[in-house]
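J.: predicted model follows, preceded by the sequence.
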Amino acid sequence: MQATAIEQYVRTDRLPHIWCSGCGIGIVMRAMIEALSQSDTRLDDAAIVSGIGCSGRVAGYAKMDSFHTTHGRAIPFATGLKLANPKLKVIVFSGDGDLFAIGGNHFIHAARRNMDMTVICVNNFIYGMTGGQAGSTTPPHARTTTTPYGNFEPPFNLPHLAMACGAVYVARWTTYHVVQLIQAMKEAITKRGFSFVEAISPCPTVFGSRNEIPTGLAAMKLFKQNSERIREGFDVAEAGIDLGGKIKVGKFCDRDRPTFHDRLVRMEHEVVSAQRTMEG
């Protein structure tokens with residue numbers, strides 16, 4: 001994409017952005033923009049929804065119909081948009097705390113229903129905007145403001161959770177894997193049904209500084225050294241992330257099943273057919 005083409009997708013009048021030096025959210029947003037461009041998605045036919053948090057600010061920078069919703073409620077808002085206009089391409093872009101802590105219940109049921117939307121999660125293992133507290137994806141033994149001696153709670157394995165709940169497309173990459181991240185988002189955006197892309201992203205300010213990853217560059221080097229691409233037959237239950245351990249990356253799932261709208265239309269036809277039979 002030419003540099004000037006970014007102006008089609010980004011509200012340049014709102015720059016410079018608020019993200020910290022070394023943060024990976026801008027990389028993930030750029031990957032999403034590239035994916036939209038490569039998938040030939042018309043901006044008039046797309047909408048982006050985000051919740052509260054550092055990643056939630058993307059909705060304000062994206063030059064398209066966007067909604068910056070209340071904490072944890074991005075997916076319900078996106079569901080309403082999709083039901084009101086089934087032809088709309090709906091993208092949820094938010095962080096791990098927003099999507100899987102306060103918003104976890106909504107993720108589970110949207111995946112179960114197979115709502116036709118794409119969910120992009122920027123996972124930096126922390127509540128970045130509110131002070132660096134431990135969250136639902138904080139790795140074991142990681143230090144945060146609320147776990148100064150190391151996290152002892154088991155975190156979510158997001159690809160495993162998404163697949164178990166019914167997502168039809170699931171992938172994970174880091175901000176080091178930009179080319180792969182763009183391709184995964186392109187596939188997710190063009191896939192019918194509930195698709196999910198996890199982007200492991202550095203947060204040097206409140207996570208890295210406490211866990212010997214003090215800069216964005218240090219995180220990139222870590223992602224390069226510790227990422228391991230999955231092979232065919234890989235058990236997604238083994239995709240959990242440990243501090244300093246291997247980060248399993250790749251496409252975990254690409255399958256087909258009827259969407260919520262497909263089943264709704266089919267039920268409507270069955271009801272109408274039954275009514276006509278009774279009347280005839």
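T.: That came through, no problem. Numbers count the residues shown, from 1 in each chain.
J.: surely Ala46 and Leu36 touch.
T.: Yes: using Cβ atoms under 8 Å, Ala46 and Leu36 qualify as a contacting pair, with a distance of 6.8 Å. Backbone N, C-alpha and C define where each C-beta goes, glycine included.
J.: what about the strands in this structure?
T.: Counting by DSSP state E, residue ranges of the strands within the chain are 46-50, 65-68, 89-95, 117-123, 169-174, 194-200, 227-229, 247-254.
J.: list the buried ones in the shortest one?
T.: It stands for strand 227-229. Of the residues in strand 227-229, those with enough neighbours to count as buried (16 or more other Cβ atoms under 10 Å) are Ser227.
J.: centroid residue for the chain?
T.: When the chain is reduced to its mean C-alpha position, the nearest residue by Cα atoms, centre = their mean turns out to be Ile120, at 1.8 Å.
J.: and the pLDDT at it?
T.: In this prediction, Ile120 carries a pLDDT score of 98.
J.: just Ile18 next, same as before
T.: The confidence metric pLDDT takes the value 88 at Ile18.
J.: show me what contacts it?
T.: Listed by Cβ atoms under 8 Å, 6 or more residues apart in numbering, the contact partners of Ile18 are Arg57.
J.: now it. Its backbone dihedrals?
T.: Dihedral angles of Ile18 (phi, psi; degrees, to the nearest 10) stand at phi -100, psi 0.
J.: how much space between the residue nearest to the centre of the chain and Ser201?
T.: 11 Å (Cβ to Cβ, to the nearest Å).
J.: okay, and the common contacts of those two?
T.: Residues touching both Ile120 and Ser201 by Cβ under 8 Å, 6+ apart: Val28.
J.: picking up where we left off before, which one of Ala46 and Leu36 has more residues nearby?
T.: Legend: neighbour count by other Cβ atoms under 10 Å for Ala46 and Leu36, higher for Leu36 (25 against 19).
J.: surely the more buried one touches Tyr9?
T.: Yes: assessed by Cβ under 8 Å, Leu36 is found in contact with Tyr9 at 6.8 Å.
J.: quick one: the lowest-mean-pLDDT helix or strand in the chain to strand 194-200, angle?
T.: Ranked by mean pLDDT, DSSP states H and E, the weakest helix or strand in the chain is helix 260-279, scoring a mean of 85. Counting by axes from the mean of the first three to the mean of the last three Cα atoms, to 10 degrees, helix 260-279 lies at 170 degrees to strand 194-200.
J.: roughly how far apart are Leu243 and Asn157?
T.: Applying Cβ to Cβ, the value for Leu243 to Asn157 is 14 Å.
J.: looking at the two, which is more packed in?
T.: Asn157 (19 against 16).
J.: show me what contacts that one?
T.: With contacts defined as Cβ under 8 Å, 6+ apart, the neighbours of Asn157 are 236-237, 239-241.
J.: what is the nearest of the residues you listed to Ala219?
T.: Relative to Ala219, the closest of these is Ile241; by Cβ to Cβ it sits at 13.3 Å.
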